[in-house]
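S.K.: heads up, no residue letters with this:
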């Protein structure tokens, strides 16, 4: 049971997309080493983005595709 919960949380984390406010590049929450499961709404993730290498805010939203 625990493994299935973890796998579901990882899969859901990959559906939350981040957009760097500095360079505009896209990624997902899981790629940043974070987990977002059973969440609602949007948020801002503050981390260093691999694309531009700068520490900045990243808008987080759920991929609707």
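M.R.: Done, it's in. Everything quoted here is computed from the prediction, not taken from an experiment.

S.K.: did I read that right, residue 6 in a helix?
M.R.: Yes. Counting by DSSP: H, G, I helix; E, B strand; the rest coil, one finds residue 6 located in a helix.

S.K.: which other residues reach stretch 31-38?
M.R.: With contact meaning C-beta atoms under 8 Å, 6 or more residues apart in numbering, stretch 31-38 is reached by 8-10, 12-13, 16, 18, 29, 45, 47, 50, 58, 60. C-betas here are computed from N, CA, C, even on glycine.

S.K.: ok, the closest residue to residue 28 other than its chain neighbours - contacts?
M.R.: Using C-beta to C-beta, 6 or more residues apart in numbering and skipping residues adjacent in sequence, the residue nearest residue 28 is residue 14, 4.9 Å away. Taking C-beta under 8 Å, 6+ apart, we find residue 14 in contact with 28, 29, 30.

S.K.: go with 10 Å
M.R.: 28, 29, 30, 31, 35, 36, 63 (C-beta atoms under 10 Å, 6 or more residues apart in numbering).

S.K.: list the buried ones in stretch 10-27?
M.R.: By neighbour count, with 16 or more other C-beta atoms under 10 Å as the criterion, the buried positions of stretch 10-27 are 12, 13, 16, 17, 18, 19, 20, 27.
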